[in-house]
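Asker: With the sequence up front, the predicted model follows.
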Amino acid sequence: MMKRGLATFLTGIMTVTLVAAGLTGCGNSTADKGSEKVRLMVWSPSEDQSRDSGEWLQTMCNNFAKEHPEWDITFVYGVADEATAADQVAQDPEASADVFMYANDRITSLTDADAVAKFGGKYKEEIESTNSEELLDSLKVDGELYGVPFTTNTWYMFYDKSVFSEEDVKNLDTMLEKGTVSFPLINSWYLPAFYLGNGCTLFGDGTDESKGVDFAGEKAVDATNYAIDLAANPNFIIDADGSALAGLRDGSVKAMFTGSWDVNAIKEALGDNMGVRSLPTYTINGEEKQMLAYAGSKAIGVNAHSEYMEQAVALAVYLGGSDAQRAHYKMRTVIPCNTELLKEKDIASDPLVQAQNDTFNNTSILQPFVASMTNCWTPVENMGKGIRNKSVTHENAEEQTEAMNEAMNSNGIN
């Protein structure tokens, strides 16, 4: 899964290179002679096409083709992650894939460019009947649905069960009394958890751009002071450049915050002692507050300029459907979101699935995808770096917090 951070986004030029390098073709050998010839370009991250991961994308597309003998489909595969694909499609839809995967925080760039198709009719009904309302909201603009969700996208906590009890992990401060905890304090996808938990808001409910960002006042200053104390705690380690995973391996770290993309490495480090759960509470001024992660989704989108719209929409719905999600989970540990799948015993009993969905449902907010959200990442990152470097202190916390809030509400020009 993709970690949110401006540095992780590849440029459009890089996208073209990746896609060109990753193109392969596959025809539908089972098609009848009289079937309609169709050519579909499909983009996904490289892991979805890797032999080591069971070639999930190719397998699913071939299965789809077998279910539709009325179409003689040639698939052309391209490699692009969920951020890169969305940026490329928005930039040049007519030269991009028919079907692609994208992270929901890119949805407005796609809709502004008229590059992504709406889902309607029987397909919309099918999508809506197998996904939660909150998840669907992450892919809607002005009430229109622009993708088929295939997983939630958020982060939560992994920990060493030999160090922390189930009671300990309910509260971060309790954990810090018992063992070392690592957290990406300088990453602006993570640090807001303490501000949001203490009452700060982004664009009202996340959708009203006119309301701006409210990371100001006593509630925000208290969160800054809490983060300063965290950084000073000898049992707290700032995670950067993979240091938390390295610490789990050598025993110097006993808990860390990340998502399902790191689960295999964490299992290797902790073995049977791996615990995972949604976010803990923390204590500010004697009051228990709930950490709140940003949450979103990843979806299958359809290029609004596809020459084969009927087939592209049908494929997108299939790739985001229950059979494909089940295979995605088994092949790549991509956590399903289909409500019917989540009832299946082997999936429902998986602690990783429980942690991700508990976080999405109970300890997160939907990451805003209004245009002004782009102004929020750098100021928060700078706050985290200032705390790490000790240029942000208790003495100047109020001043520095107000400066962060002002920057979050500015486009750097006005």
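Answerer: Great, that's in hand. Residues are numbered from 1 along each chain as shown.
Asker: what sits opposite the most centrally placed residue in the chain in the beta ladder?
Answerer: Compute the mean C-alpha point of the chain, and by CA atoms, centre = their mean the closest residue is residue 153, 2.8 Å away. Legend: beta-bridge partners of residue 153 under DSSP bridges are residue 296.
Asker: just the one 5 residues further on next, same as before
Answerer: Counting by DSSP bridges, residue 158 is bridged to residue 256, residue 276.
Asker: residues contacting it?
Answerer: 248, 255-258, 262-263, 266, 270, 274-276 (CB atoms under 8 Å, 6 or more residues apart in numbering). Just so you know, the C-beta spots here come from the backbone N, C-alpha and C atoms, and that holds for glycine as well.
Asker: try 10 Å this time
Answerer: Residues in contact with residue 158 (CB atoms under 10 Å, 6 or more residues apart in numbering) are 244-245, 248, 254-259, 262-263, 265-267, 269-270, 274-277, 352, 355.
Asker: Heading C-terminal from the longest helix along the chain, find the next helix or strand.
Answerer: Counting by DSSP state H, the longest helix found in the chain is helix 217-232. Heading C-terminal from helix 217-232, the first helix or strand you meet, by DSSP states H and E, is strand 236-238.
Asker: The residue nearest to the centre of the chain and residue 359, how far apart?
Answerer: Plainly put, residue 153 is 10 Å away from residue 359 if you go by CB to CB, to the nearest Å.
Asker: any residues in contact with both of the two?
Answerer: In contact with both residue 153 and residue 359: 259, 295, using CB under 10 Å, 6+ apart.
Asker: residue boundaries of the strands in the stretch 1-150 of the chain?
Answerer: Assigned by DSSP state E, counting those that start in this stretch, the stretch 1-150 of the chain shows strands spanning 24-27, 36-44, 71-79, 99-103, 140-141, 144-145, 148-153.
Asker: Of the ones you listed, flag the one that's most buried.
Answerer: strand 99-103 (a mean of 29; mean count of other CB atoms under 10 Å).
Asker: in which helix or strand would I find residue 355?
Answerer: helix 351-362.
Asker: For that helix, name the packing helices and strands.
Answerer: Secondary-structure packing of helix 351-362 (3 or more CB pairs under 10 Å, 6 or more residues apart in numbering; DSSP states H and E): helix 133-137, strand 148-153, strand 156-160, helix 263-270, strand 274-277, strand 293-302, helix 345-348.
Asker: How far does that helix sit from its chain's centre?
Answerer: Here helix 351-362 shows a centroid-to-chain-centroid distance of 13 Å under the convention CA atoms, centre = their mean, to the nearest Å.
Asker: what do you get for stretch 319-330?
Answerer: 17 Å.
Asker: Now do the buried residues in that stretch.
Answerer: Burial within stretch 319-330, assessed by neighbour count using 16 or more other CB atoms under 10 Å, is assigned to 319-321, 324-329.
Asker: Would you format these as JSON lines with pLDDT and distance to residue 70 included?
Answerer: Formatted as JSON lines, the buried residues of stretch 319-330 follow (pLDDT from 0 to 100; distance: CB to CB, whole Å):
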{"residue": "319", "pLDDT": "98", "distance to residue 70": "19"}
{"residue": "320", "pLDDT": "98", "distance to residue 70": "21"}
{"residue": "321", "pLDDT": "97", "distance to residue 70": "19"}
{"residue": "324", "pLDDT": "98", "distance to residue 70": "20"}
{"residue": "325", "pLDDT": "98", "distance to residue 70": "25"}
{"residue": "326", "pLDDT": "97", "distance to residue 70": "25"}
{"residue": "327", "pLDDT": "97", "distance to residue 70": "23"}
{"residue": "328", "pLDDT": "97", "distance to residue 70": "26"}
{"residue": "329", "pLDDT": "96", "distance to residue 70": "30"}
